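Colleague: Give me the fold of what follows.
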Amino acid sequence: MKGHSRSVLSMAATGFAAMTAALSASADGIDFETDTYAVVRDWPGSAVTRFSVAARVKVPAITESQVILNRGQAGKLLTFYVYKGVVRMLVEYKPGEYTHADAPLPKLNTWTHYLGTYDGKAIRIYMDGKLRSSQPAVGRIRAAEDPLYIGALAPGVRSFSGALDHVAVWNDVLTDGDAAKLADGASPATVRPEALAGHWHAGSLNGDTWTNTARKEYSATMKHDGKDAAKSAEAEAARSGLAYLGVKDDGYRGVWYMNQPSHDEYVYKYSGGLGTYCAKHKPFGVYAPAVDKTFFCYGGSTKENSRQLIHMVSYYDHRTGTVPRPTALLDKQTDDAHDNPVISLDDEGYIWIFSTSHGTGRPSYIHRSSKPYDIDSFELIPSTRVLDSGATQAMTNFSYMQAWHVPGKGFICFFTRYGYPAARTTCCMTSPDGVTWSKWQRLGAIEQGHYQVSGVCPSKAGTAFNYHPAQKGLNWRTNLYYLETPDFGKTWQTVAGKPLTLPLTTPENDALVHDYAAEKLNVYMKDIRFDDNGNPVILYITSKGYQSGPGNDPRTWTTARWTGTAWDIRPAMTSDNNYDMGSLYIEPDGTWRIIAPTETGPQPYNPGGEIAMWTSTDKGATWTKVKQLTVGSERNHTYARRPVNAHPGFYALWADGHGRQPSESTLYFSDRDGNVRVLPARINADSATPKLLQP
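Modeller: Predicted coordinates for the structure are as follows:
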């Protein structure tokens, strides 16, 4: 491709600006410290088939993903970054399809040169002048108007921590000989100067202006202020298109999502109508006695595209038996249901929506309703957290959020932080007001990390989780752990009250409930509840492996109950997929109830199926299927969710979706007797009465 007006590099302008940062330029390059980044907002947006990017990097440590150069959202356009033990050149070579070439990590505190190229056929990456890998990628990068970021994926997201120099972009493909010259110290200005579109080096930094010495255009602006978190959040959101929507929609539509093609008859590792996904997001609903309404949120979609994730908020009015037109709160600019929201209510009745992110590639948000018990408008909350150093920083990212409001105390939230230090580190934080948050307490960082489910009761908060063995990858998850805090996160202990030193870092520890690794079983977390004595009951599924199909049967629903002296572990029922997900209820009369997709659905061995209701009157020793709630469905139902303080009239919320191909997704809720109502896909008035599902 000819001409300087066409070039690329990847990242979307989203998130909070940094609260604090320091910046210096010297012969040793430019030091990027806490949340510093540079941005070229007018970078040209033509489609691209040939380009090269390069930088000299020096890092003191590598603890998590960090970006050298980026244009577009994560997995879009192009990103040059450090990730999972490699330096990676990622290109979205077709809309929605991307791949990458990888090179080894640099030696710590040592300048290392990296070059990445793309010629419309393959991605190549060089380290110190030598080709390290090549990956086929036939296509072209689409035209886009996204800013070019240096040292971050977006403001405050996956910031680079180290020094950069001679960051450069060419509108053509450099050769092996060019790579060797750059590695030997040649300036980018002397290597293919006719194709050089951008060159930023230590000597061209003047204050906050980082001049592009290749041209008079496209100077970068260094960003390191963050003086007004609320203002910067709104500005960045407006620039990126992630703006608050705050509009009424005309019906209830769930998002369809898939993860990891499996190249077999089941098509994906998991997929379907995942508007109430995933098990590690809690809660999706809260009953408010003061107004006799169950408020709920879900991952919705647009009328045009069932895969475009929109954060939706609504309620069911128990007095009138109606639902309003839902509020479309936020367009998360992704199709990833891992970004689904969760909901909470505070003591005054304000509705809080926590907009999560899958990993560190996208920003996270917190919104609060403008009025108590009202979904018509929401305000973006400029939340901050306390760093280990004692300084404060804008809180821009969290994954797998579980937000519990404790009356008179505030919020205690369990969540995951990627690369902190494990690939998925289990964490907890607290806040009296939802605005200022505590330090992030690392709970578990065993090998590759964890998935957790949490809950609260009057006397404690607790979490149960599995772990990912280092040698088997993230698709393998095993063992069962539990720990709790009796004092709102100040101290942590085992279920028997033994103090724990956190984070847990070895598979064998005092929080271990059961060693499933010894049985070679995977463990999939589903739910946790507390009985009247504050004893936890954990719900999970075990199986032989992660792949779909009968080869990994049985998928055994299991409960682990603390009796006061020991764990009582019992099988309950079976279903046909690891990602079948339902909720556990422990009711005032002692009845245990599970509402879950345990029955085979129209897409067998894909997530979900037909929803059934099971009860136990002997603390999980035996179970009886009292009712099948859905029958003869066209699409699998899954992820049945229990609201906080669940009202008998709105006991479980879920969605359906085809297990093997993109489809529409309808939302449903059930009462405690198992009567199912359908949330209307279209509402012509201000409210509507959900129709009873006829089996």
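Colleague: List the buried residues of stretch 536-548.
Modeller: Pro536, Val537, Ile538, Leu539, Tyr540, Ile541, Thr542, Ser543, Tyr546, Ser548 (16 or more other Cβ atoms under 10 Å). Just so you know, the C-beta spots here come from the backbone N, C-alpha and C atoms, and that holds for glycine as well.
Colleague: How about stretch 49-67?
Modeller: Buried, per 16+ other Cβ under 10 Å, within stretch 49-67: 49-59, 62, 64-67.
Colleague: Inside strands: which ones of the residues you listed?
Modeller: Among the buried residues of stretch 49-67, the ones falling in strands (DSSP state E) are Phe51, Ser52, Val53, Ala54, Ala55, Arg56, Val57, Lys58, Gln66, Val67.
Colleague: contacting residues for Asp656?
Modeller: Gly254, Gly272, Gly273, Gly608, Ser633, Arg635, Asn636, His637, Thr638, Ser665, Thr666, Tyr668 (Cβ atoms under 8 Å, 6 or more residues apart in numbering).
Colleague: now do 10 Å
Modeller: 254, 256, 272-273, 275, 597, 601-602, 608, 611, 630, 633-639, 663-668, 678 (Cβ atoms under 10 Å, 6 or more residues apart in numbering).
Colleague: Columns pLDDT and distance to Leu245 on top of the ones in strands among the buried residues of stretch 49-67, output as a markdown table?
Modeller: As requested, those are exported to a markdown table (pLDDT from 0 to 100; distance: Cβ to Cβ, whole Å):
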| residue | pLDDT | distance to Leu245 |
| --- | --- | --- |
| Phe51 | 94 | 34 |
| Ser52 | 96 | 39 |
| Val53 | 97 | 34 |
| Ala54 | 97 | 39 |
| Ala55 | 97 | 37 |
| Arg56 | 96 | 42 |
| Val57 | 95 | 38 |
| Lys58 | 93 | 42 |
| Gln66 | 88 | 31 |
| Val67 | 92 | 28 |
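Colleague: Taking these together, which two end up most distant?
Modeller: Taking Cβ to Cβ as the measure, those span a maximum distance of 24.2 Å, between Phe51 and Lys58.
Colleague: Domain parsing of the chain, as residue ranges.
Modeller: Split into domains by automatic domain parsing, the chain comes to 23-240, 244-685.
Colleague: In terms of mean pLDDT, which of these ranks lowest?
Modeller: Among these, domain 23-240 carries the lowest mean pLDDT, a mean of 85.
Colleague: give me the beta-bridge partners of Met429?
Modeller: Counting by DSSP bridges, Met429 is bridged to Cys413.
Colleague: With Tyr585 instead?
Modeller: Arg593.
Colleague: any idea how far Val644 is from it?
Modeller: 12 Å (Cβ to Cβ, to the nearest Å).
Colleague: again with Val323
Modeller: 18 Å.
Colleague: between these two, which one's more packed in?
Modeller: Legend: neighbour count by other Cβ atoms under 10 Å for Val323 and Val644, higher for Val323 (24 against 20).
Colleague: Go ahead and name everything in contact with the host helix or strand of the more buried one.
Modeller: Under the criterion of DSSP states H and E, Val323 resides in strand 323-324. The set of residues external to strand 323-324 that reach it, using Cβ under 10 Å, 6+ apart, is 248, 252, 293-294, 296, 314-317, 375-376, 667, 669, 677, 679-680, 683, 685-690.
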